[in-house]
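*Asks:* quick one: sequence plus predicted model below, questions after.
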Amino acid sequence: MIRAYSPELDGTSELNTDDITFFQELIGMLRWATELGRVDILHKVALLSQYHASPRERHLEQLLNIFGYLKEHPKVTIHMDPDLPNIDYEVFNMEHDGFMEHYCDAEE
């Protein structure tokens, strides 16, 4: 999507019935792509999915731009560190001084 594009402010005309169906099919494909691991497009797809029922011309255009991005970047990978994180569990200790002061009626 274009960086400065705000789909909620789009004032272009609404799509006709055939184009709405096309838009919905593309959204379905992109949602499946995010399920398969393309989290780099997840936010943009979620933004455009809001307009699933009544998309506008620029919404479709931005959706096609996402497909262009996928064509240009076919192999995006996420690298995970298999080591356990270094967590200080003392932070989660329930004996903090202010806990009972703020949550005096709390019960487990």
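*Replies:* Okay, I see it. Because the structure is predicted, anything quoted here is derived from the model rather than measured.
*Asks:* ranges for the helices of the chain?
*Replies:* Along the chain, the stretches classed as helices by DSSP state H are 17-35, 42-49, 57-72, 97-102.
*Asks:* how about residues contacting the second one?
*Replies:* I take that to be helix 42-49. Taking contacts as CB atoms under 8 Å, 6 or more residues apart in numbering, the residues outside helix 42-49 that touch it are 1, 7, 27, 30, 31, 33, 34, 55, 59, 62, 63, 66. For every residue, glycine as well, the C-beta is placed using N, CA and C.
*Asks:* list only buried entries from those.
*Replies:* Listed as buried from these are 1, 7, 27, 30, 33, 34, 55, 59, 62, 63, 66; burial here means 16 or more other CB atoms under 10 Å.
*Asks:* of those residues, closest to residue 20?
*Replies:* Of all the buried ones among the contacts of helix 42-49, residue 55 has the smallest distance to residue 20: 6.2 Å, by CB to CB.
*Asks:* now the spatially most central residue of the chain: how far from residue 61?
*Replies:* The geometric centre of the chain, computed from its C-alpha atoms, lies nearest to residue 43 (CA atoms, centre = their mean), at 2.5 Å. Distance of residue 43 to residue 61, given as CB to CB, to the nearest Å: 18 Å.
*Asks:* do the same with residue 88
*Replies:* Between residue 88 and residue 61 the computed distance is 48 Å (CB to CB).
*Asks:* tell me which of these two has more neighbours.
*Replies:* Set residue 88 next to residue 61 and count neighbours by other CB atoms under 10 Å: residue 61 wins out with 14 against 7.
*Asks:* where does that one land on pLDDT?
*Replies:* On pLDDT, residue 61 comes in at 92.
*Asks:* go on, residue 35?
*Replies:* 90.
*Asks:* what is the burial count for it?
*Replies:* Residue 35 has 10 neighbours, counted by other CB under 10 Å.
*Asks:* residue 44 too?
*Replies:* Using other CB under 10 Å, the number of residues around residue 44 comes to 19.
*Asks:* got a pLDDT number for it?
*Replies:* Per-residue pLDDT puts residue 44 at 92.
*Asks:* any idea how far residue 38 is from it?
*Replies:* Residue 44 sits 11 Å away from residue 38, going by CB to CB.
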